[in-house]
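**Student:** Predicted structure and sequence below. I'll ask about it afterward.
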Amino acid sequence: MLGTVLYGPRDIRCEEVAEPKILHPTDAIIKLSATCICGSDLWPYRGLNEVSQPMHMGHEYCGVVVEVGSAVRTVKPGQFVVGSFCISDNTCPHCRRGFQSSCEQREFMSGAQATLARVPLADGTLVATAETPTEDLIPSLLATSDVLGTGWYAADAARVQPGSTVVVVGDGAVGLMGVLAAKQMGAARIIAMSRHKSRQELALEYGATDIVAARGEEGVAKVRDLTQRIGADSVLECVGTQESMSQALACARPGSMIGYVGVPHGVQFDGQRLFFTQVGLMGGPAPVRRFLPHLMDLVLTRKINPGKVFDLIVPLADVAEGYKAMDERRAIKTLLRV
Ligand SMILES: [Zn+2]
C-alpha cells in the first residue's frame, strides 16, 4: 500500500510500505476515507524536531473498519469511524475525567497518511457513526479527528462562555477552528489576529467579529481598544512560539484564561510576570475523544462545516506537494485523497 515517510528535513515521500497488521487484540485496522497534513507535521518537516529514523507520518484520520482484534467490542468491520490523534483506553482515571490525552495508556497515532492504518485501543479511541456518511461530509468528519478537536479544546480550556470576549492568536487551521468553537460556545465578540487575507475571510465566515492584523505592542493596543481597555475574557493561543504566547498573555485581562494548544517550541515564562499578570493557563494535547461524539453530531446534522479549512486537496501520491504548500503558506491545510 502507499504510505508517507519523512526521511529528513523537507524529504517526504509517498512510497510503497508494508500493510499494517493487528499487533494486539485491542487493535483495529481501518481503510482511510481521507487523511490530511497537520500543522504539527511541519515541525519535523522543517527540521525543528529531529528525525533520527524514517518517520511514518499522519495522525488525523477517518475511515471504514476492515479488521478488529479479538478483544475489540464497540466497533466492527464495515463501520465508519473517527478517532482522536491521541490513542486512549477511555476507561482509566484520567480518561474518566475527560483528559484522554493524558490516558495512562496514551500513544500518539502515526502512519495515517496512508491507505490503511492500525488504530490501537480501538474501543477507547474510535467513535462509529450510525450510518456511512455521504462523501461531502468526509472532510468535516476528518477535521474532528484533530484540528477541530484541538481548536475546540483551546476554547474549552480558555473557558469561553456565552457573551464573552475572545481573542484567537494564530490564523492557522487550529486558530480558525478556535474561532468556530468560540462561536458555537456563544462568544459575543471574537477577535481573530490574522495578517492573511484568505484566512481573515474564513475567520469571519466562522464567526469572528473583528480582525486584528497588527502584532506585538500595536496588536495589543488594538485588542485593548476593542475590549474596553481591559483585555479579553478568554485567549486561544494556537501557534506555540514565544511571540504568540507573549501576544496571548498581553491580550488577556486579569482573571482570564488562556487555552494554549500550539505545541510550544522555545516558549519560556517569566515567573514574576506571570504572577502579576493574573491569568490562568490551560493547554496541552487536546483530549479530542471527550469532544468527538458532540463534534461528529454537529457535522452530521450540518450545523458546522469545519471541512472548509482544507483549501488544498491532492492525491496521497502527491503528499510532498501538500507539505510544500503548507510550508510555504500557500495552503492553510491539505487534505489527502486516498
Ligand atoms: Zn485512559
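**Tutor:** Yep, it's here. Residues are numbered from 1 along each chain as shown.
**Student:** unless I'm mixing things up, residue 295 is touching residue 149, no?
**Tutor:** Yes. Counting by C-beta atoms under 8 Å, residue 295 touches residue 149, with 6.4 Å between them. Quick note: C-beta positions are derived from backbone N, CA and C, even for glycine.
**Student:** more neighbours, these two?
**Tutor:** The neighbour count for residue 295 versus residue 149, taken as other C-beta atoms under 10 Å, is higher for residue 149 (31 against 26).
**Student:** Now that the more buried one has come up, it's in contact with residue 286, right?
**Tutor:** Yes. With contact defined as C-beta under 8 Å, residue 149 counts as touching residue 286 (5.2 Å).
**Student:** and stretch 50-59, average pLDDT?
**Tutor:** If you average the pLDDT over stretch 50-59, you get 92.
**Student:** going forward, begin numbering at 40 instead of 1
**Tutor:** In the new count, where the first residue is 40, that last one comes out as stretch 89-98.
**Student:** The most centrally placed residue in the chain - nearest residue in space that isn't next to it in sequence?
**Tutor:** The centre of the chain sits closest to residue 186, judged by C-alpha atoms, centre = their mean, with a distance of 2.4 Å. Once flanking residues are discounted, residue 186 sits nearest to residue 212: 4.9 Å by C-beta to C-beta, 6 or more residues apart in numbering.
**Student:** Relative to the ion, how far out is that neighbour?
**Tutor:** For residue 212, the distance to the ion (C-beta to the ion, to the nearest Å) stands at 27 Å.
**Student:** What of residue 58?
**Tutor:** In terms of C-beta to the ion, residue 58 sits 28 Å off from the ion.
**Student:** ditto for residue 144
**Tutor:** For residue 144, the distance to the ion (C-beta to the ion) stands at 6 Å.
**Student:** secondary structure class for that residue?
**Tutor:** coil (DSSP: H, G, I helix; E, B strand; the rest coil).
**Student:** again, but for residue 284
**Tutor:** Classification of residue 284 using three-state DSSP returns helix.
**Student:** tell me the pLDDT at it?
**Tutor:** 97.
**Student:** Identify the residues contacting the closest residue in space to it that isn't next to it in sequence.
**Tutor:** Closest residue in space to residue 284, ignoring its immediate chain neighbours: residue 306 at 4.9 Å, by C-beta to C-beta, 6+ apart. Shown in contact with residue 306 (C-beta atoms under 8 Å, 6 or more residues apart in numbering): 279, 280, 281, 284.
**Student:** Quick one: buried ones out of those?
**Tutor:** 279, 280, 284 (16 or more other C-beta atoms under 10 Å).
**Student:** related to what we said a few turns ago, save the contacts of residue 306 as CSV, and put in distance to residue 114 and secondary structure too.
**Tutor:** Output for those, formatted as CSV (distance: C-beta to C-beta, whole Å; DSSP: H, G, I helix; E, B strand; the rest coil):
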residue, distance to residue 114, secondary structure
279, 33, coil
280, 38, coil
281, 42, helix
284, 38, helix
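**Student:** Widest-spaced pair of those?
**Tutor:** The largest separation in those, counting by C-beta to C-beta, is between 279 and 281 at 9.2 Å.
**Student:** mind checking how far the nearest residue to residue 125 once chain neighbours are set aside is from residue 189?
**Tutor:** Distance criterion C-beta to C-beta, 6+ apart; nearest residue to residue 125, sequence neighbours excluded, is residue 140 at 4.3 Å. As judged by C-beta to C-beta, to the nearest Å, residue 140 and residue 189 stand 10 Å apart.
**Student:** picking up where we left off before, tell me which element the residue nearest to residue 284 is part of?
**Tutor:** Under the criterion of DSSP states H and E, residue 306 resides outside all helices and strands.
**Student:** that older thread, who's in contact with the residue nearest to the centre of the chain?
**Tutor:** Going by C-beta under 8 Å, 6+ apart, the list of residues near residue 186 reads 75, 77, 99, 212, 213, 216, 345, 348, 372.
**Student:** for the ion, what are the nearby residues on the protein?
**Tutor:** 127, 128, 131, 134, 142 (C-beta under 5 Å from the ion).
**Student:** let's see it at 6 Å
**Tutor:** 127, 128, 130, 131, 133, 134, 142, 143, 144 (C-beta under 6 Å from the ion).
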